[in-house]
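Student: Structure for the following, please:
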Amino acid sequence: MNIRIFFPILLLVIITACSKKEKNVISDEIIAPPFILKPIKNVDVPFETFKVEAEKGKKLEVQSGSYIIFPPDAFVDADGNMIKGNVDIFFREFQDPFDFFVAGIPMQYDTLGSTYTFESSAMCEINALYNNSEVFINPNNRPSIHLISKNDDEKHNLYFMDTIKRLWIPIGKSKIENKVTNLPVSSKLNNAQKNISSEDELKEPIKANPQRPIITVSIPYVDFLPELKIFKNTKFEVDQSETKYNPKDGDLEWDKVKLQETDSEGLYNLIFTSGQRKVSYKVRPVYEGDDYTAAMKIYMNKRKEKEIEENRLKSIITTNRNLNKIYRTFSILEFGIYNCDQIIENGINEILADYIDQDGNKIKVTNSALVNLNKNALFEFIGSSLKVFPNDKQGILSYNSEGLYFFTTSDFKNSQINADTKSYTFKMRK
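Tutor: The predicted structure is shown next:
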């Protein structure tokens, strides 16, 4: 069952001393663990800190590429009075399941009596202080958060974490923005793609076989096929499949010579015409001696040029992807944690899990978390039940009083776990 981490309930017995006429009162108080519970001491996702002059507002840009826009007069105090002066802003993003794990962010969502796990497309926490006192948002001038994301799925909803009620509250949807920051790059990309696609495939020169008949002809350069134009002194070797070759045809003068492609790779028809007579031979372009050496040099140089051009294209594509960013945008009414998510329902395979260390000794884990990189999700479990996605890139984080253990994505890939697996013993690293 997907649930959060809970430690043994602490039973406090409070004995109140009363007057002699009163009885001693014993009350049982259940103290629940924090809703946000970090599993590893002194390890957390750090905040970035900023200052905003409240009267002027400001656009804050964070390291990930996300940004926050504070309009003028966006802050009020507890009494609703406008704040003047510098406000300290604390902001951090939770970009992957490892961030969720170390920060202790609960990724479960209860609805209609069932518990699901979130697939996150963007998540952040934002807080603010003025002279070390809590500040609030002016509802008439709400800040907007623009979170960088790798997922533009419109099915994702927006949630706010209520740490008092200990649950995620749905508050609508984020707006998806695709921003192009440098339009000329797109033009470069299109031109590069056209140049690469328009180039004829360069074929490696073939060295002549001295055991095969060679035909030497003078074909005007303009009549050469494009893939042969870059080479000089091309000759034509009669193919082994040619059964009608007549060496005496080489002694005749022909009015026209034409080279025509066939359906077979590297094989051509060499067509001779004189008056009404016409002969055709299946041939392959070849090169002899120094001509072969020169042709190979040209081929290697051209190949290198094409490789450079292809790498340039890849670079442009990469740049273009970096410049064309997906943002999930929303306005906020209060400070806290916001998450763009959808619940995960399908594709889960439940197995019974045992854990051993690298020496084969059994490990008794307190809690386990499945890190799913495909879905950007963190599944937390107690006990021996573990839910996995056989085809996804995933790993396991487990811990007990002795520390943290992990099962890497490579370990998972090599485990051969599939949809039919019912149980598995995980050999954990530490």
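Student: in the stretch 51-200 of the chain, which spans are helices?
Tutor: 97-103, 183-198 (DSSP state H, counting those that start in this stretch).
Student: any idea which of those helices scores lowest on pLDDT?
Tutor: The minimum mean pLDDT among these belongs to helix 183-198 (a mean of 51).
Student: Now the element after that one, going C-ward?
Tutor: Per DSSP states H and E, the first helix or strand lying C-terminal to helix 183-198 is strand 214-215.
Student: That following strand packs against which elements?
Tutor: Applying 3 or more Cβ pairs under 8 Å, 6 or more residues apart in numbering; DSSP states H and E, one finds that strand 214-215 makes contact with strand 235-238, strand 277-286. C-betas here are computed from N, CA, C, even on glycine.
Student: neighbouring strands for it, and are they parallel or not?
Tutor: Strand pairing for strand 214-215, using DSSP bridges, gives strand 235-238 (antiparallel).
Student: residues contacting Ile83?
Tutor: Ala54, Phe75, Val76, Asp77, Tyr130, Val135 (Cβ atoms under 8 Å, 6 or more residues apart in numbering).
Student: Of these, just say which sits nearest to Lys362.
Tutor: When these are compared for distance to Lys362 (Cβ to Cβ), Val135 comes out closest, at 51.8 Å.
Student: what does the model give the closest one for pLDDT?
Tutor: According to the per-residue confidence, Val135 scores 96 in pLDDT.
Student: so what's it up against?
Tutor: Phe75, Val76, Asp77, Ile83, Val87, Ala128, Leu129, Phe335.
Student: Please determine how far it is located from Tyr338.
Tutor: Per Cβ to Cβ, to the nearest Å, Val135 is found 17 Å from Tyr338.
Student: cool, and His146?
Tutor: His146 sits at a distance of 12 Å from Tyr338 (criterion: Cβ to Cβ).
Student: Quick check on the contacts of Val135: which are buried?
Tutor: Applying 16 or more other Cβ atoms under 10 Å to the contacts of Val135, the neighbour count classes Phe75, Val76, Ile83, Val87, Ala128, Phe335 as buried.
Student: May I have the phi/psi pair for Lys297?
Tutor: The main-chain torsion angles of Lys297 are listed as degrees, to the nearest 10 and equal phi -60, psi -40.
Student: Contacts only, for it.
Tutor: Not one residue lies near Lys297 by Cβ under 8 Å, 6+ apart.
Student: still on that earlier bit, same list (the contacts of Val135) but as TSV, adding distance to Thr409 and pLDDT.
Tutor: As requested, the contacts of Val135 are exported to TSV (distance: Cβ to Cβ, whole Å; pLDDT from 0 to 100):
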residue	distance to Thr409	pLDDT
Phe75	43	98
Val76	47	97
Asp77	48	95
Ile83	47	96
Val87	41	98
Ala128	37	97
Leu129	39	97
Phe335	35	97
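Student: tell me which of those residues is nearest to Ile326?
Tutor: When those are compared for distance to Ile326 (Cβ to Cβ), Phe335 wins out at 24.5 Å.
Student: give the contact list for that closest one.
Tutor: Neighbours of Phe335 in contact, by Cβ under 8 Å, 6+ apart: Ile126, Asn127, Ala128, Val135, Phe136, Ile137.
Student: Next, check the residues you listed against the strands and list the overlap.
Tutor: Secondary structure assignment by DSSP state E places Ile126, Asn127, Ala128, Phe136, Ile137 of these in strands.
Student: Can you lay out the residues you listed as a markdown table showing distance to Ser280?
Tutor: Below are the ones in strands among the contacts of Phe335 laid out as a markdown table (distance: Cβ to Cβ, whole Å):
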| residue | distance to Ser280 |
| --- | --- |
| Ile126 | 77 |
| Asn127 | 82 |
| Ala128 | 84 |
| Phe136 | 88 |
| Ile137 | 83 |
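Student: Go through these and say which is closest to Lys278.
Tutor: The shortest distance between Lys278 and any of the ones in strands among the contacts of Phe335, using Cβ to Cβ, involves Ile126 and amounts to 82.0 Å.
Student: any idea how far the residue lying closest to that closest one once chain neighbours are set aside is from Lys175?
Tutor: Counting by Cβ to Cβ, 6 or more residues apart in numbering, Phe91 is the residue found nearest to Ile126 once chain neighbours are left out, at 5.0 Å. The spacing between Phe91 and Lys175, counted by Cβ to Cβ, is 19 Å.
Student: the more surrounded of these two?
Tutor: Ranked by neighbour count (other Cβ atoms under 10 Å), Phe91 and Lys175 place Phe91 first, with 19 against 13.
Student: who's in contact with the residue sitting nearest the centre point of the chain?
Tutor: With distances taken as Cα atoms, centre = their mean, the residue of the chain nearest its centroid is Lys150 (6.5 Å). Under the criterion of Cβ under 8 Å, 6+ apart, the contact list for Lys150 reads Ser121, Ile326, Asn376.
Student: ok, Tyr287 - how many residues close by?
Tutor: Here the neighbour count serves as a burial measure; for Tyr287 (other Cβ under 10 Å) it reads 21.
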